[in-house]
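sequence? don't have it. structure:
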């Protein structure tokens with residue numbers, strides 16, 4: 001991957017956030033430049049083509065912007081030749097608890113994706129081929145986590161894809177550092193959390209498997225001091 005391609009994709013995925021205000025633009029740029037999950041999803045070909053993709057806890061819609069611009073670059077021929085094709089997604093739906101983030105997502109992407117205000121613990125997901133939750137499950141208690149996973153499984157067909165990123169609670173200092181950063185960023189954005197509901201990687205694998213998923217873990221913290229793992233699961 002060339003530096004030029006990296007810069008072009010970040011610029012294109014960030015540009016829509018000018019319409020959502022200075023905070024939205026700066027947050028988008030910092031997140032896309034610093035978080036390896038976004039390039040990792042593409043480089044490893046983790047997201048298949050789908051008629052519908054749902055992003056639960058979508059924030060200001062960065063994943064939608066990223067996937068839309070990645071596909072546009074792929075179709076223009078400006079794509080790393082050794083990478084899998086950028087996923088072709090017909091419809092992207094994001095669900096977010098924070099009203100300001102929903103407003104930013106809508107201002108940035110308009111009708112290119114749909115964003116709704118709601119709680120992943122209670123909202124209807126509908127039917128989908130791909131479901132994604134990035135760095136959200138640890139904000140809800142363990143029983144609620146399993147409830148969300150059961151409802152995601154029910155929304156997917158057999159073989160449907162569920163992707164989530166988690167912190168490995170057995171990861172020692174990197175895990176504790178990532179939790180500290182998580183709490184700090186959450187606080188600076190005006191949110192309050194009293195507790196995080198984390199698990200070890202082995203515990204996460206067991207939870208997913210007993211809720212109907214076959215899971216493959218993939219480290220996803222390259223270039224950071226954290227201990228994050230992407231869990232790529234198929235409904236069985």
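Perfect, I can see it now. None of these values were measured; they are calculated from a predicted model.

Centroid-nearest residue for this protein?
When the chain is reduced to its mean C-alpha position, the closest residue under Cα atoms, centre = their mean turns out to be residue 134, at 3.4 Å.

for it, phi and psi?
Here is the backbone geometry of residue 134 (degrees, to the nearest 10): phi -110, psi 110.

thought it was touching residue 37?
Yes: contact between residue 134 and residue 37 holds when scored by Cβ atoms under 8 Å: they sit 6.2 Å apart. To be clear about C-beta, it is placed using only N, CA and C from the backbone, and glycine gets the same treatment.

Kindly point out which residues are neighbours of both of the two.
residue 165 (Cβ atoms under 8 Å, 6 or more residues apart in numbering).

picking up where we left off before, hey, what's the residue lying closest to the residue nearest to the centre of the chain once chain neighbours are set aside bridged with?
If you skip the residues right next to it in sequence, residue 134 has residue 165 as its closest partner in space, 5.0 Å away by Cβ to Cβ, 6 or more residues apart in numbering. The residues listed as beta-bridge partners of residue 165 by DSSP bridges are residue 134, residue 230.

Would you agree residue 165 is in contact with residue 218?
No: at 9.4 Å, residue 165 does not count as touching residue 218 under the criterion of Cβ under 8 Å.

Between these two, tell me which one has more neighbours.
Relative neighbour count places residue 165 above the other of residue 165 and residue 218, with 21 against 14, counting by other Cβ atoms under 10 Å.

Distance check, that one against residue 146.
When distances are taken as Cβ to Cβ, to the nearest Å, residue 165 and residue 146 turn out to be 18 Å apart.

Now name the helix or strand holding residue 51.
strand 50-56 (DSSP states H and E).
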